[in-house]
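**Student:** okay, sequence plus prediction incoming.
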Amino acid sequence: MFSRVLKPVATVAVQNGAKNFSTSSELKMKVMVAGASGGIGQPLSLLLKQNPLISQLALYDIAPVTPGVAVDLSHMDTPAKVLGYKGPEELACAVADSHVIVVPAGVPRKPGMTRDDLFNVNASIVRDLAECVAKNAPKAIMCIITNPVNSMVPIASEVLKKNGVYDPNRVLGVTTLDVVRACSFIGTINGVDPRCVTIPVIGGHSGVTIIPVLSQANPAPKLTDQSKIEALTKRIQEAGTEVVKAKAGGGSATLSMAWAGARIANAVLRGLKGEENVVECAYVKSDLTEAKYFANPLCFGKNGVAKNLGYGKLNAYEQQLLKAAIPELKKNIETGEKFVSK
């Protein structure tokens, strides 16, 4: 059911036929990465360079190394043409005519920086980028990785609304990492290839807003005890902290996030290409719950989100998780909207 992505290009045809990648020249697209020189941006760009649906890969960052990153990637023997752009004066050129814009741009929390400080910096980055997208690529599909995703998607949406170009089917928050982690953990528990696991992860992209719907996992996790189900749920919700602790102060989840970002970008590109039944979870404008934005399985098509598939039937435990998530989601969304209204 859920989109799979980005095995090495040379092996894709053997393992999956034409399921994930098309090597035809009937439709090639420009993808822009905002924040391409960072810890997520570089491995994300490396993965995207392998995708033959992409004819042009535009890398943007304020870091002076960005043109060098582009040159480095351009030496790979894959078709996408890579161009590097650095600094605000080159942002419009990087954005112009993009079909898909993936946004890992932002800063990690540094010593002495409060969460409010972090929010204000990243919110300003997303706001300014959305302004540029509105003027230079209003039909682009934005895939926002920048944290906190629960607030950043409303920020981008409100900016696009102010510019009269908002399309809720073209703005999404990347929650794919939660799905990837759930598949990996269930694969280990069941002793199966995690690529054969499917599971919807709904809600948002932080803490209690992350709701893995384990009752709908296929194959079902081999956990008969409720306490183990709750422990797995908590592990998925707090997996980011697990990485931070394992890196002992040396960083956060960058490589797995790059993989997840490339996976959602590929799903969007496949939908734009006209492929049917391309499904991934993402955080979008929604009327499924009291929260204005919500993550759940979506079907992608030629105009972005083609159909919201909802989240199906939840068991009693999952209903309680949803009940706990909604107030936090609403607060996060309101924070993003207030930032723009200022």
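**Tutor:** Happy to help now that I have it. A quick note: this is a predicted structure, and the numbers were derived from the prediction, not measured. Residues are numbered from 1 along each chain as shown.

**Student:** what are the boundaries of the strands in the protein?
**Tutor:** Under the criterion DSSP state E, strands of the chain are mapped to 29-34, 54-61, 81-86, 100-103, 141-144, 171-173, 201-203, 210-212, 278-285, 293-301, 304-308.

**Student:** output the ones you listed in CSV, with mean pLDDT and mean neighbour count appended to each entry.
**Tutor:** In short, each C-beta sits where N, CA and C put it, glycine included. Output for those, formatted as CSV (pLDDT from 0 to 100; neighbours: other CB atoms under 10 Å):
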stretch, mean pLDDT, mean neighbour count
strand 29-34, 98, 27
strand 54-61, 98, 24
strand 81-86, 98, 20
strand 100-103, 98, 27
strand 141-144, 98, 27
strand 171-173, 98, 29
strand 201-203, 98, 29
strand 210-212, 98, 27
strand 278-285, 98, 24
strand 293-301, 98, 25
strand 304-308, 98, 18
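
**Student:** how about those strands in TSV, adding distance to Arg127?
**Tutor:** Formatted as TSV, the entries for the strands of the chain read as follows, by distance: least, CB to CB, whole Å:
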stretch	distance to Arg127
strand 29-34	12
strand 54-61	16
strand 81-86	19
strand 100-103	12
strand 141-144	12
strand 171-173	13
strand 201-203	24
strand 210-212	25
strand 278-285	17
strand 293-301	16
strand 304-308	21
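
**Student:** so which of the ones you listed gets nearest Glu334?
**Tutor:** Nearest of those to Glu334, taken as CB to CB: strand 293-301 at 10.9 Å.

**Student:** in terms of secondary structure, what does the closest one contact?
**Tutor:** Applying 3 or more CB pairs under 8 Å, 6 or more residues apart in numbering; DSSP states H and E, one finds that strand 293-301 makes contact with helix 149-162, strand 171-173, strand 201-203, helix 255-273, strand 278-285, strand 304-308, helix 316-341.

**Student:** hmm, try it at 6 Å
**Tutor:** If you count contacts as 3 or more CB pairs under 6 Å, 6 or more residues apart in numbering; DSSP states H and E, strand 293-301 packs onto strand 201-203, helix 255-273, strand 278-285, strand 304-308.

**Student:** contacting residues around the longest one?
**Tutor:** The set of residues external to helix 255-273 that reach it, using CB atoms under 6 Å, 6 or more residues apart in numbering, is 3, 5-6, 27, 40, 43-44, 47-48, 53, 100, 102, 141, 143, 145, 174, 176-177, 180, 278, 280, 300-302.

**Student:** from the chain's centre, how far out does that helix sit?
**Tutor:** Between the centre of helix 255-273 and the centre of its chain there are 7 Å (CA atoms, centre = their mean, to the nearest Å).

**Student:** ok, now stretch 98-105?
**Tutor:** The chain centroid and the centroid of stretch 98-105 are separated by 10 Å, computed with CA atoms, centre = their mean.

**Student:** could you list the alpha-carbon positions for that stretch in CSV?
**Tutor:** Presented in CSV, the C-alpha positions along stretch 98-105 are these (Å, rounded to 0.1, in the frame of the first residue of the first chain):
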residue,chain,number,x,y,z
SER,A,98,10.3,23.9,-9.3
HIS,A,99,7.8,21.1,-9.3
VAL,A,100,8.7,19.9,-5.8
ILE,A,101,10.4,21.8,-3.0
VAL,A,102,11.8,19.8,-0.1
VAL,A,103,12.6,21.8,3.0
PRO,A,104,15.1,20.5,5.6
ALA,A,105,16.3,24.1,6.2
